[in-house]
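Chemist: Sequence and predicted model, in that order:
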There are 2 protein chains.
Amino acid sequence: MYIVCFDLEGVFTPEIWIAVSKSTGIDELKLTTRDIPDYDVLMKNRIEILKKNKISIKDIQEIILNMELLPGAKVFLDNIRIMAQIVIVTDSFIEFVMPFMEKLDFPTCFCHNLEIGKEGIIIDYKIRIKEMKKKTILAFKMLNYEIIAAGDSYNDVPMLLEAKHGIFFRPPKNVMEEFPEFPVVSEYSELKNLISNYLGLSD
Amino acid sequence: MYIVCFDLEGVFTPEIWIAVSKSTGIDELKLTTRDIPDYDVLMKNRIEILKKNKISIKDIQEIILNMELLPGAKVFLDNIRIMAQIVIVTDSFIEFVMPFMEKLDFPTCFCHNLEIGKEGIIIDYKIRIKEMKKKTILAFKMLNYEIIAAGDSYNDVPMLLEAKHGIFFRPPKNVMEEFPEFPVVSEYSELKNLISNYLGLSD
């Protein structure tokens, strides 16, 4: 039996920090691990900026509530859920992703969480477990599941490598070129066909 | 962070084999592990009866499609899904449970599967992994989740024992008496309150 694991941002939703940057007009929030390679430095920097600008978790949730899923994402996920069990595996935080989970009819989501202080200000972040994406796949494999995993970026690669079938969905060019072993798809219809094939459900 | 694990039959749905027995008029299909303690003997017996009576997987799925969730089950589950991640963990088979998953808006479901032969006749069953319920909780704990688990019967006890918080929902008297360490609830409102308490979400 299969579990299909999906990354969230870039696969079903736009990038949250980009949207927060746009909405607040704070350009510095656009920085990613490509600009600041150390994730801890990047996150602490983001939290400092939010604090300095008195942007609370509620403000960010409001921005996220107004974000749309990527066009076609909901229908695509609905199609996959009737074929196999699915779990969303994201390095984002539960306090950020729940508005999206609601729009997706509450699929199970594995992620991290934030520490919220007085007046709803984000004071820290808590990685639930290091190498969470990879370890999630390992745990499912221990339960005798076979895994199909789809994601778009560097942080998905350990998950894709550990899965029986790893798929890149709309990856940046450099990531795609660095890991030529994974099939690359850019449309939900292609992703669905690929998953159907792996599940042995194609015509 | 928490994952809430639920048994399926007895918690969200009636017992499937009882319904199949009623619908087909075959009394022998009512037998459970209380009558035939060896699960393998019981299942092989069930499969033999279905075969003899030419009852196919499609016939059973038709019966299940016409079964209702327990009253209040869907609203209860919807309430829990906004509070925590949930996974249904059942010793039933994916070919049986999918119609129920559809009625429940496709929560993630961990279960076993059947082997279907010619003309849709069930020829065997495949346990995905031994001690599946317990091992599922162990896997989630390795991913640094805390677990709340609710079930109604003997086969749930190893899962309830491994969870941080185990709960009996409408258990038979003998099971309840044998394991007095677990709180017992019989209404969804009580189950919701207990889970809210454990999640630290109560007023």
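Modeler: All right, it came through fine.
Chemist: Would you mind listing what in chain A touches chain B?
Modeler: Within chain A, the positions near chain B by CB under 8 Å from any CB of the partner chain are A:1, A:3, A:78, A:81-82, A:85-87, A:94, A:98, A:102, A:105-110, A:113, A:128-129, A:132, A:135-136, A:139-140, A:142-145. C-beta here means a position set from N, CA and C on the backbone, and glycine is covered the same way.
Chemist: ChimeraX command for the buried members of the residues you listed?
Modeler: Those of the residues of chain A next to chain B that count as buried under 16 or more other CB atoms under 10 Å in any protein chain shown are selected in ChimeraX with:
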select /A:1,3,81,85,86,87,94,98,106,107,108,109,110,113,128,132,135,136,139,140,143,145
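Chemist: Just the ones of the residues of chain A next to chain B in helices?
Modeler: Secondary structure from DSSP state H places A:78, A:81, A:94, A:98, A:102, A:132, A:135, A:136, A:139, A:140, A:142 of the residues of chain A next to chain B in helices.
Chemist: Dump the residues you listed into JSON lines; add pLDDT as well.
Modeler: Output for those, formatted as JSON lines (pLDDT from 0 to 100):
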{"residue": "A:78", "pLDDT": "98"}
{"residue": "A:81", "pLDDT": "97"}
{"residue": "A:94", "pLDDT": "96"}
{"residue": "A:98", "pLDDT": "95"}
{"residue": "A:102", "pLDDT": "95"}
{"residue": "A:132", "pLDDT": "97"}
{"residue": "A:135", "pLDDT": "98"}
{"residue": "A:136", "pLDDT": "98"}
{"residue": "A:139", "pLDDT": "98"}
{"residue": "A:140", "pLDDT": "98"}
{"residue": "A:142", "pLDDT": "98"}
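Chemist: Which members of those are the farthest-apart pair?
Modeler: A:102 and A:142 (30.6 Å; CB to CB).
Chemist: Domain parsing of chain A, as residue ranges.
Modeler: A:2-14+A:70-114+A:126-199, A:17-65 (automatic domain parsing).
Chemist: Where do the helices of chain A begin and end?
Modeler: A:16-24, A:39-52, A:57-65, A:73-81, A:94-103, A:132-142, A:157-162, A:173-178, A:188-199.
Chemist: closest to residue B:65 out of these?
Modeler: Comparison of these against residue B:65 by CB to CB identifies helix A:73-81 as nearest, at 17.3 Å.
Chemist: Packing partners of that closest one?
Modeler: If contacts are counted by 3 or more CB pairs under 8 Å, 6 or more residues apart in numbering or on different chains; DSSP states H and E, helix A:73-81 sits against helix A:188-199.
Chemist: which residues touch the helix it packs on?
Modeler: A:2, A:4, A:72-73, A:75-76, A:79-80, A:83-84, A:148, A:150, A:164-165, A:167, A:169, A:183, A:185, A:202 (CB atoms under 8 Å, 6 or more residues apart in numbering or on different chains).
Chemist: can you rerun that using 6 Å?
Modeler: Helix A:188-199 has contacts (CB atoms under 6 Å, 6 or more residues apart in numbering or on different chains) with A:2, A:72, A:76, A:79, A:83, A:84, A:148, A:165, A:167, A:169, A:185, A:202.
Chemist: Mind checking which of those are in strands?
Modeler: A:2, A:148, A:165, A:167, A:169, A:185 (DSSP state E).
Chemist: surely the first one meets residue A:146?
Modeler: Yes - contact between residue A:2 and residue A:146 holds when scored by CB atoms under 6 Å: they sit 5.1 Å apart.
Chemist: between the two, which one's more packed in?
Modeler: Between residue A:2 and residue A:146, counting by other CB atoms under 10 Å in any protein chain shown, residue A:2 is the more crowded of the two (19 against 16).
Chemist: how far away is residue A:93 from residue A:25?
Modeler: Applying CB to CB, to the nearest Å, the value for residue A:93 to residue A:25 is 22 Å.
Chemist: if you count what's nearby, which of those two comes out ahead?
Modeler: residue A:93 (22 against 8).
Chemist: Tell me what that one is bridged to.
Modeler: Taking DSSP bridges as the rule, residue A:93 bridges to residue A:112.
Chemist: show me the contacts for it.
Modeler: A:112, A:113, A:114.
Chemist: Return the closest of the residues you listed with respect to chain B.
Modeler: Lowest distance from chain B to these (CB to the nearest CB) belongs to residue A:113, with 5.7 Å.
Chemist: The closest one and residue A:96, how far apart?
Modeler: On the measure of CB to CB, residue A:113 and residue A:96 end up 10 Å apart.
Chemist: One more: residue A:117?
Modeler: For residue A:117, the distance to residue A:96 - CB to CB - is 16 Å.
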